[in-house]
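Asks: This is the structure alone, sequence omitted:
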C-alpha cells in the first residue's frame, strides 16, 4: 500500500482530484449501501437537493479519498498550492490567548487532510484519529499522518490523555466531531432533524479545560488550485447536559455544512445505532422509520 500511495502522491493534485471525482461518481451509481446512504442522507437533510448536487457530492467524496496520498506521502504537501487561510490564524490566536488551549473540530467536509499541515505552519497540533483494528494498518496510518508539529493521538485512553495534556499546556487539539462513537461514549442529538449518536468527548474536554471550540474546514477550490479555510466558533460555555451540549455542536456543524453542501461526506452512516447505545429518541422525522 505504501508503494501505491507513493506513486499516486507523485501525481499533481488536480489529476488526483479528477481521478477521485470520476471514481466517486461511478461509486455512487452502483446500487448498494453506499449509494443508498448518500442519496437518503442528502435528500432527508436537504430536500431541495437536485441530482446535480448529489452527483457533485459523490465526486467530492472521491476527491477526498484520492487526496490522501498527496498529503500523507509528500514532505511538503502545501508547496505550490493556493491556500487561503481566511481568518483561521486570527481566530486561533485570539482563542489561544485565553490560555486554556483550543479544540479545533474538523468534520468530514471539504479536505480535512490539508488542515493539519496548514495549522502546523504556526502551531503544534495533536490530532485525534480513529485507529483501525489491524495493528499493522494502524501503525502505518499513524506514521503517514505524523509530520513536524503534528502528533497523532488514537481515539482511546492513551490518545485522550495526549489531548488533555496538550490542552492543559495551552496547545491545539484537533478532533473529527462527526464520527459515530462506540456505545456508551456518546449522546443522541439532532443533526439535520434526525437523532445522531454524537461523541461526548468534546463536551468532556471543554468541561475539563474550558478550552474554546472552533469548527474549521478547507473548501476544495476548482481545478486543483488549492483550498479556502472556513472557521465557525462554537457558542460556549456548552450546557452541562451532554445531549444539550451535542445539540449545540451539531447545530453549528449544520450551519457550516449548509455553506458547502456538495463537499460533505453524505455517504457516511452518520445515523447508525451502535451496539451498547440507548435507543434514539423518537422525532417527527424518525417515528415509524427504521434506524
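Replies: Sure, I can see it. Keep in mind that this is a model prediction, so the values were computed, not measured.
Asks: Quick check: residue 275 is in a strand.
Replies: No - using DSSP: H, G, I helix; E, B strand; the rest coil, the secondary structure at residue 275 is coil, not a strand.
Asks: Would you mind finding the longest helix in this protein?
Replies: Secondary structure of the chain per DSSP state H: the longest helix is helix 51-73.
Asks: State the next helix or strand along the chain beyond it.
Replies: Reading on from helix 51-73 to the C-terminus, the next helix or strand found by DSSP states H and E is strand 82-84.
Asks: Which positions in the longest helix of the chain come out as buried?
Replies: 53-73 (16 or more other C-beta atoms under 10 Å). (C-beta placed from N, C-alpha, C; glycine too.)
Asks: which helices and strands does it pack with?
Replies: Contact here means 3 or more C-beta pairs under 8 Å, 6 or more residues apart in numbering; DSSP states H and E; on that basis helix 51-73 packs against helix 2-9, helix 13-29, helix 33-45, helix 135-145.
Asks: For residue 220, which of those is the nearest?
Replies: helix 13-29 (7.3 Å; C-beta to C-beta).
Asks: related to what we said a few turns ago, quick one: mean pLDDT for the longest helix of the chain?
Replies: The predicted model gives helix 51-73 an average pLDDT of 96.
Asks: what about it, distance to the chain center?
Replies: From the chain centre to the centre of helix 51-73 is a distance of 13 Å (C-alpha atoms, centre = their mean, to the nearest Å).
Asks: and the helices and strands packed on helix 51-73, which one is worst for confidence?
Replies: helix 135-145 (a mean of 89).
Asks: Look at residue 195 and give its secondary structure.
Replies: strand.
Asks: Contacts only, for residue 23.
Replies: 62, 65, 66 (C-beta atoms under 8 Å, 6 or more residues apart in numbering).
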